[in-house]
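Participant: give me coordinates for this.
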Amino acid sequence: MGHSVILIVANEPSEETEAEYNEWYNEKHVPMMFRFKGMRKASRYRLAGENKECSRYLAIYEFNSKEDLEAFPKSSEFAEAVRDFDEKWKDGGFERKWGGSYELIKSWEKMDLTR
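Facilitator: Have a look, this model is predicted:
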């Protein structure tokens, strides 16, 4: 297995659709994305505090390898998730702010020395 790569997506739901957006994202979208075998982890974040320059929601999808990330947009799992997204949000309700893919350079972890 290669080192991890991530896909990050920043979204901004409208105030009117925020609860529906979160339910759909957590209960339907992420499980659909997870059907792709090369996806290792999915995490969602909500902006802490108030910063109008940042998106309120961030999703990070971690893949097993760069090859898995490159295969993902060509997969049937991705196509199904896109079809569902297009149908669910065809009338609007949130804005995709930006997205990007990143390869891990190095990772650090603080060790608990009190044990």
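
Participant: which strands or helices does the lowest-mean-pLDDT helix or strand in the chain pack on?
Facilitator: Every helix and strand in the chain was compared by mean pLDDT, DSSP states H and E; the lowest is strand 94-103, with a mean of 88. Judged by 3 or more C-beta pairs under 8 Å, 6 or more residues apart in numbering; DSSP states H and E, strand 94-103 is in contact with strand 5-13. Bear in mind the C-beta positions are built from the backbone N, C-alpha and C, glycine included.

Participant: in the strand it packs on, which residues are buried?
Facilitator: 5-7, 9-11, 13 (16 or more other C-beta atoms under 10 Å).

Participant: and those residues as JSON lines, adding distance to residue 53 and pLDDT?
Facilitator: Formatted as JSON lines, those follow (distance: C-beta to C-beta, whole Å; pLDDT from 0 to 100):
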{"residue": "5", "distance to residue 53": "26", "pLDDT": "94"}
{"residue": "6", "distance to residue 53": "22", "pLDDT": "95"}
{"residue": "7", "distance to residue 53": "22", "pLDDT": "95"}
{"residue": "9", "distance to residue 53": "17", "pLDDT": "94"}
{"residue": "10", "distance to residue 53": "11", "pLDDT": "94"}
{"residue": "11", "distance to residue 53": "15", "pLDDT": "90"}
{"residue": "13", "distance to residue 53": "17", "pLDDT": "91"}
